[in-house]
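# Following is a predicted model, sequence given first.
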Amino acid sequence: MQGRLVTLEWPGDDDWAAIASWLRPGSPAAVLSGDWELLGAAEVEQANRSGRVHHLVIRSKDGERIGTVSYQRSGRIGGFTVGGAIGSPELWRRGYGAEAVVLLVDYLFHQLDAHRVQVTTAGYNKGVIRLMTKTPFVVEGILRDHCYLDGRYHDAIVWGLLRDEHYASLKPSEDNRVLAVGLADFLSDDDKTQARAVLAEHLASGRRTALDAYLDGAAEPARPAAPVAAGAAEAGPPAAEFTEPAEPAELTELTEPAELTAPIGTAAPRAAEAGAPAPAGGVA
């Protein structure tokens with residue numbers, strides 16, 4: 001995923017330690033995000049390989065590894081939460097983190113069929129709050145006393161963006177210059193149109209397809225019978241001829257069922273006597 005300032009790449013084996021260092025408690029990025037979860041390189045790698053979270057590495061135009069963004073599924077189908085960090089404070093406020101998040105958000109909507117994306121920001125992070133106010137993200141809630149810094153608790157802000165809001169944001173305007181990048185499609189519209197044309201030409205040529213039986217109104221094609229083991233035909237009884245069922249007799253009387261010959265529940269003890277486990281109580 002490539003933007004004007006940065007490129008997002010999937011991590012390699014030598015990236016996990018860098019990601020862990022950017023996110024470790026007490027690092028500049030962790031302080032501003034309010035995240036104090038301690039994870040080592042092996043734990044970050046395991047979290048990614050298990051699918052619990054997905055990190056991408058942010059690289060500048062000269063190829064320098066400068067930070068990370070991440071996403072994970074949240075709530076109902078189609079929901080995601082995202083986060084990110086630029087490692088060195090010297091690289092903050094240059095637009096790297098903003099564009100990285102833009103590329104990630106667009107990837108989620110355009111390739112993973114996201115319906116909603118959420119970002120949580122610490123209530124004391126002036127730079128990120130100012131950035132979020134320039135995007136189409138909507139303030140959805142306040143998490144009271146969610147972060148702890150400098151001897152006191154601070155609120156956190158929850159921002160959300162829906163699918164239609166995102167695509168509307170890709171139209172640049174004077175009020176919206178942040179979320180106006182938009183990833184290029186993996187395949188051009190021309191390629192997709194040509195693919196449909198190739199299939200349409202094939203269907204129009206009259207070549208056989210699995211839909212022929214439906215289009216022609218023909219009966220379901222016969223399938224070959226399963227092979228019969230040698231001698232099975234002689235050993236088994238002759239197949240009964242299929243006949244139409246007789247007309248059901250009119251229901252004239254409701255009779256009581258015959259008495260049970262064995263009380264309910266006797267089957268399980270007999271199974272236990274034979275060595276088989278008795279049914280476990282509760283629902284599996």
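Done, it's in.
# now the strands for the chain?
Assigned strands in the chain, in chain order: 6-9, 54-60, 65-73, 79-86, 116-122, 138-149, 152-162 (criterion: DSSP state E).
# For residue 129, which of these is the nearest?
strand 116-122 (5.9 Å; C-beta to C-beta). Quick note: C-beta positions are derived from backbone N, CA and C, even for glycine.
# What angle do strand 65-73 and the closest one make with each other?
120 degrees (axes from the mean of the first three to the mean of the last three C-alpha atoms, to 10 degrees).
# Report pLDDT for residue 173.
On pLDDT, residue 173 comes in at 55.
# follow-up on the earlier one: kindly present the strands of the chain as a markdown table, with separate columns for mean neighbour count.
Formatted as a markdown table, the strands of the chain follow (neighbours: other C-beta atoms under 10 Å):
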| stretch | mean neighbour count |
| --- | --- |
| strand 6-9 | 20 |
| strand 54-60 | 22 |
| strand 65-73 | 21 |
| strand 79-86 | 21 |
| strand 116-122 | 21 |
| strand 138-149 | 14 |
| strand 152-162 | 17 |
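# who wins for proximity to residue 191 among those strands?
strand 6-9 (23.3 Å).
# could you dump that closest one to CSV, C-alpha only?
This file holds the C-alpha atoms of strand 6-9, laid out as CSV (Å, rounded to 0.1, in the frame of the first residue of the first chain):
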residue,chain,number,x,y,z
VAL,A,6,4.8,6.4,3.1
THR,A,7,4.4,2.8,2.2
LEU,A,8,2.7,0.1,4.3
GLU,A,9,4.3,-3.4,4.2
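# which stretches of the stretch 101-250 of the chain aren't confidently modelled?
Applying pLDDT under 70 to the stretch 101-250 of the chain flags residues 171-187, 199, 211, 216-250.
# Turn the strands of the chain into JSON lines, including distance to residue 212.
Below are these laid out as JSON lines (distance: least, C-beta to C-beta, whole Å):
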{"stretch": "strand 6-9", "distance to residue 212": "47"}
{"stretch": "strand 54-60", "distance to residue 212": "44"}
{"stretch": "strand 65-73", "distance to residue 212": "42"}
{"stretch": "strand 79-86", "distance to residue 212": "43"}
{"stretch": "strand 116-122", "distance to residue 212": "43"}
{"stretch": "strand 138-149", "distance to residue 212": "52"}
{"stretch": "strand 152-162", "distance to residue 212": "43"}
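# which one of the ones you listed lies closest to residue 201?
Between the strands of the chain, strand 6-9 lies closest to residue 201; by C-beta to C-beta that is 38.4 Å.
# quick check: mean pLDDT across that closest one?
Strand 6-9 carries an average pLDDT of 91.
# And stretch 14-34, by the same measure?
In this model, stretch 14-34 carries a mean pLDDT of 78.
# ok, now which ones touch the closest residue to residue 129 other than its chain neighbours?
Excluding its sequence neighbours, the residue lying closest to residue 129 (C-beta to C-beta, 6 or more residues apart in numbering) is residue 121, at 5.9 Å. For residue 121, the contacting residues are 33, 128-129, 132, 156-157, 159, by C-beta atoms under 8 Å, 6 or more residues apart in numbering.
# All good on my end, thank you.
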